[in-house]
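Undergrad: The following comprises the amino acid sequence and a computationally predicted model.
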Amino acid sequence: MWWSALCVLSVASVASCGNILALVPAPFYSHQIAFAQIWKELSLRGHHVTLMTTVPHRDPTLINLTEIDTSNAFQIVTHKYQISKTAENILNMWNWYDIFAQINSDAAEEQLSNPKVQELIHKRNNFNFDVVFVESYYAEFLAFGKLYNCPTVLTTSVDGHTLFQHAMGNPAHPILHTDYATPFHGKLTFRERVISTIYSVYVSLFETFYVLPGKQRIIDKYFTNMSLKLESLISDVDMMFLDVNPVIQDARAIGPTTINIGMERNIVPKRPLTKDLKDFMDNAKEGFIYFSLGSNVRSKELNHDTLTAIVQAFKEIPYKVVWKFEGDDLPGKPDNVKLVRWAPQQIVLKHPNIKLFITQGGLQSMEEAVYSKVPMVVIPFFFDQFKNARLMEIKHIGKTIGRKPSVKKDELKNAIIEVITDPKYINSVRRLGRLSKDVPMTGLEKAIWWTEYIIRNKGAKHLRNPASDIPFYQYFLLDVISFIIVVTFCILIVLCIFVKKSVQVVRGILRTMTTKSKKLE
């Protein structure tokens with residue numbers, strides 16, 4: 001009897017498993033790590049996951065995870081565009097989308113040319129997928145959903161772009177929901193509201209007339225046997241997963257097909273914590289500071305003035321510093337500073353002796369600091385980092401310095417001392433960390449549940465927000481407002497004519513009466 005029951009359960013388990021294609025082309029570590037746990041967990045639950053990624057797990061124990069390694073796309077960022085130097089010296093909110101669009105286009109072509117990806121396109125009979133995940137910056141990959149006739153899900157490692165918010169039927173107000181490339185957050189000044197509105201129009205036009213046509217050309221080039229239109233592919237998306245935690249990034253009105261899965265990531269480091277680094281942190285009796293500019297901005301490539309200012313500031317503080325530094329040597333390095341090429345950031349942030357995290361303000365770094373309850377000093381460089389820095393200041397969990405092009409020694413030193421000694425920062429980040437974890441389901445659990453929901457129900461079109469199908473002019477009531485204005489104007493004209501005629505009639509009557517009165521006299 002028990003054997004029969006076991007067989008039934010096994011068959012049921014296998015029958016519920018799906019074939020998943022996940023396409024994450026971004027040649028940025030932070031974009032990959034945001035969803036890495038999801039692909040791993042899906043494979044551990046028995047689903048067969050085919051993952052195209054620039055940061056493969058390379059874990060032979062994950063037998064249900066097949067990886068297409070496209071890590072060579074990193075050469076585009078590091079060599080062709082030299083993103084580290086570009087971020088410090090050139091990038092701003094007005095040219096970011098242009099450079100990012102060029103990087104994305106080159107990365108997409110590089111990966112679509114990969115032999116294994118070509119096999120997915122031209123030997124589709126060898127594969128079968130129940131759902132396709134696509135990173136939102138690479139909407140051209142939505143063509144795989146049509147190729148395999150299955151539901152599609154967008155993923156994004158930051159808040160959703162305005163284009164996709166509208167596609168999912170979510171409001172994207174330029175004042176309430178400023179673009180993630182702007183430095184604005186919270187209650188905006190009049191000047192900021194004007195800039196944000198203009199920027200919103202600028203980005204919309206840039207996407208419409210430059211970005212989307214470029215993506216359409218890529219679709220036409222690589223999916224030659226299909227007549228696919230990018231606009232239709234975007235409007236046909238079933239669901240969108242956002243790496244957003246409303247407690248940290250503030251609440252936003254979203255429809256049922258937009259899922260916030262901002263999560264605490266329990267990433268097991270591929271390399272163990274070295275003994276010398278562990279001893280350095282354990283022996284930091286006054287506490288230590290962790291300094292990392294993330295995976296895209298390299299500390300060793302900072303300009304001379306900035307590097308000198310940072311070194312001098314560290315010399316004058318009573319704390320040890322763990323500095324993620326990509327070089328072997330740093331001229332003038334203080335004795336209280338330890339350079340490491342790599343560090344398991346989550347382990348470092350959870351160390352009991354840590355006092356402060358100096359960060360570039362990337363979303364994943366900010367989230368990890370909040371979950372670890374560590375206050376921050378932020379030196380933003382590009383993209384959403386300025387917005388995140390503003391958010392941290394509003395929530396009193398960090399202080400921003402380093403307005404480009406350089407950091408000043410006293411500015412950095414004073415910010416370090418202020419954040420460490422002022423209790424409002426540690427109290428605020430502890431409260432935010434506690435609130436972030438007080439949820440009915442973790443982000444990972446939500447992602448898994450909704451993925452399996454889509455597989456079970458072959459999509460989620462029945463949850464589609466009707467706002468996504470309403471034309472722009474109807475959504476903003478432009479036709480209704482115009483109609484009311486025209487009708488009101490017509491009524492006013494009729495009333496004016498009526499009043500004018502009435503006055504003329506009354507005047508005529510009065511003149512007639514006056515004439516008769518004079519004759520009687």
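TA: Structure's in. What do you need?
Undergrad: After the helix or strand of the chain with the lowest mean pLDDT, which helix or strand is next?
TA: Confidence across the helices and strands of the chain bottoms out at helix 2-16, with a mean of 41, counting by mean pLDDT, DSSP states H and E. Scanning forward in sequence from helix 2-16 by DSSP states H and E, the next helix or strand is strand 19-24.
Undergrad: now for the next helix-or-strand element following that following strand, which elements pack on it?
TA: Per DSSP H and E, the first helix or strand lying C-terminal to strand 19-24 is helix 29-44. Helices and strands touching helix 29-44, by 3 or more CB pairs under 8 Å, 6 or more residues apart in numbering; DSSP states H and E, are strand 19-24, strand 48-53, strand 65-69, helix 363-372, helix 443-457. For every residue, glycine as well, the C-beta is placed using N, CA and C.
Undergrad: gap between helix 29-44 and the chain center?
TA: Remark: helix 29-44 is offset 15 Å from the chain centroid, using CA atoms, centre = their mean, to the nearest Å.
Undergrad: Between helix 363-372 and it, find me the angle.
TA: Interaxial angle, helix 29-44 versus helix 363-372 (axes from the mean of the first three to the mean of the last three CA atoms, to 10 degrees): 70 degrees.
Undergrad: Now do helix 29-44 and strand 19-24, the angle between them.
TA: 170 degrees.
Undergrad: Low-confidence ranges, the stretch 251-400 of the chain, go.
TA: 266-270 (pLDDT under 70).
Undergrad: Try it again at 50.
TA: Applying pLDDT under 50 to the stretch 251-400 of the chain flags no residue at all.
Undergrad: What segments of it are strands?
TA: 258-260, 288-292, 320-324, 337-340, 354-359, 376-378, 398-400 (DSSP state E, counting those that start in this stretch).
Undergrad: could I get those strands as a markdown table with distance to residue 27?
TA: Formatted as a markdown table, those follow (distance: least, CB to CB, whole Å):
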| stretch | distance to residue 27 |
| --- | --- |
| strand 258-260 | 25 |
| strand 288-292 | 19 |
| strand 320-324 | 19 |
| strand 337-340 | 23 |
| strand 354-359 | 21 |
| strand 376-378 | 24 |
| strand 398-400 | 27 |
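Undergrad: Pick the most buried one from those strands.
TA: strand 376-378 (a mean of 27; mean count of other CB atoms under 10 Å).
Undergrad: which residues are contacting it?
TA: Counting by CB atoms under 8 Å, 6 or more residues apart in numbering, strand 376-378 makes contact with 356-361, 366, 369, 385, 388-389, 392, 397-402, 412, 415-416, 419, 429, all of which sit outside it.
Undergrad: Which residue, neighbours along the chain excluded, lies closest to residue 366?
TA: Leaving out its chain neighbours, the residue that sits closest to residue 366 by CB to CB, 6 or more residues apart in numbering is residue 388, at 5.3 Å.
Undergrad: So what does the nearest residue to residue 394 once chain neighbours are set aside have for phi and psi?
TA: Spatial nearest neighbour of residue 394, excluding adjacent residues (CB to CB, 6+ apart): residue 186 at 4.7 Å. Main-chain dihedrals, residue 186, degrees, to the nearest 10: phi 80, psi -150.
Undergrad: What of the one 3 residues further on?
TA: The phi/psi pair for residue 189 (degrees, to the nearest 10) reads phi -80, psi 170.
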